[in-house]
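Engineer: I would like the atomic coordinates for the input below:
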Amino acid sequence: MPDATFTRPDLTTFTRLDGLGLEVTGQLLEPDRSVLACRVVEPDDWCRRCGRQGVPRDTVSRELAHEPFGWCPTTLVLTVRRYRCKECSHVWRQDTTAAAPPRAKISRAGLRWGLVGIVVGHLSMARVAEGLGVAWNTAHDAVLAEGRRLLIEDPTRLDGVKVVGVDEHVWRHTRRGDKYVTVIIDLTPVRDGTGPSRLLDVVEGRSKKAFKDWLAERDQA
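Structural biologist: The predicted structure follows:
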C-alpha cells in the first residue's frame with residue numbers, strides 16, 4: 001500500500017500558489033530564473049457596477065516576482081481574464097488581490113519571504129532583492145511596507161505588555177545626522193519566564209521627551 005502521507009507531485013502546491021488563488025499552467029526554466037505561467041482560479045464574472053453576469057472579452061498578462069526556490073528568482077506570469085457586462089458595458093479584470101496587492105510587482109508569498117529573510121535570517125536588502133530578482137528600490141519599498149502592515153500596524157502587538165525596557169542605541173555611524181535612537185522592548189516574557197524579550201518600537205532621538213512622547217501616543221490600556 002502506498003504511503004498515505006505522500007500525494008502526487010503538484011507544482012501549484014509546491015510553489016505555494018494555491019494559497020494565492022493561482023494555478024500553474026506551464027513552466028520555463030532559464031539560466032538565471034524560473035518562469036511559471038499561471039491562471040487565476042476564480043472566474044470573477046459578475047459585474048461590479050450593476051451585478052449582472054458578464055462575458056469574457058480578452059486576457060491580459062501580469063508579472064510578479066515570487067519567492068525563490070534554490071536561490072533562483074521565480075517570476076509568475078498571470079493570465080488575467082477581462083470581462084464585459086452586456087447590460088452596462090462595464091469592463092473589469094479578474095480579482096488578483098489574493099496573489100498580490102494592486103499595482104504590486106511582488107507576490108504576497110514573495111513579500112513574506114523577503115520579510116522573514118530580513119527579520120529572521122538577517123539578510124541584507126540587496127540579498128533579498130537578488131533572491132526576488134527585482135531592483136533594490138522595488139524590494140526595499142515593498143518589503144518595508146509589508147513589515148509595517150504586519151508588524152507595526154498590528155492593533156494587538158501591544159497586548160499583554162506589563163514590563164517595558166528602554167535603552168539608547170547608536171544606529172547611524174556617519175558624521176551627519178542623529179546617531180541615536182531610543183529602543184523600546186517588552187520584558188514581560190523575561191519576567192514571567194515564558195520567552196525572550198520582544199522589540200516594540202524604535203524612536204528617533206535619545207532624550208527623555210522621545211520616550212514620553214511615545215508613551216503619550218499609546219492608549220491607557
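Engineer: low-confidence stretches in this protein?
Structural biologist: 1-3 (pLDDT under 70).
Engineer: show me where it has its strands.
Structural biologist: 22-29, 34-40, 55-69, 72-84, 91-93, 164-170, 180-186, 198-204 (DSSP state E).
Engineer: out of these, nearest to T138?
Structural biologist: Within those, the stretch nearest T138 is strand 55-69; the backing value is 8.0 Å (C-beta to C-beta). Where C-beta positions appear, they are placed from N, C-alpha and C, glycine not excepted.
Engineer: count the neighbours of R49 for me.
Structural biologist: R49 has 13 neighbours, counted by other C-beta atoms under 10 Å.
Engineer: test my guess that it contacts C85.
Structural biologist: Yes. If you go by C-beta atoms under 8 Å, R49 and C85 touch, sitting 6.8 Å apart.
Engineer: residue closest to the middle of this structure?
Structural biologist: Closest residue to the average C-alpha location of the chain: L111 at 3.2 Å, with C-alpha atoms, centre = their mean.
Engineer: which residue sits closest to that residue in space, ignoring its chain neighbours?
Structural biologist: Counting by C-beta to C-beta, 6 or more residues apart in numbering, L111 lies nearest to E146, which is 4.2 Å off, once chain neighbours are set aside.
Engineer: mind listing what V119 touches?
Structural biologist: By C-beta atoms under 8 Å, 6 or more residues apart in numbering, the residues touching V119 are G147.
Engineer: and the gap between it and G147?
Structural biologist: 7 Å (C-beta to C-beta, to the nearest Å).
Engineer: cool, P31 as well?
Structural biologist: Applying C-beta to C-beta, the value for P31 to G147 is 32 Å.
Engineer: of the two, which one has the most company?
Structural biologist: Using other C-beta under 10 Å, the more surrounded residue of P31 and G147 is G147, with 16 against 5.
Engineer: report the contact partners of that one.
Structural biologist: So G147 contacts 115, 118-119 (C-beta under 8 Å, 6+ apart).
Engineer: over to L144?
Structural biologist: Per C-beta under 8 Å, 6+ apart, neighbours of L144: none.
Engineer: how about 10 Å then?
Structural biologist: 114-115, 118, 125, 152 (C-beta atoms under 10 Å, 6 or more residues apart in numbering).
Engineer: likewise for R191?
Structural biologist: Here R191 is in contact with 162-163, 197 (C-beta under 10 Å, 6+ apart).
Engineer: closest one to A98 out of those residues, please.
Structural biologist: S197 (35.2 Å).
Engineer: from V203, how far off is the closest one?
Structural biologist: Look at S197 and V203: by C-beta to C-beta, they are 17 Å apart.
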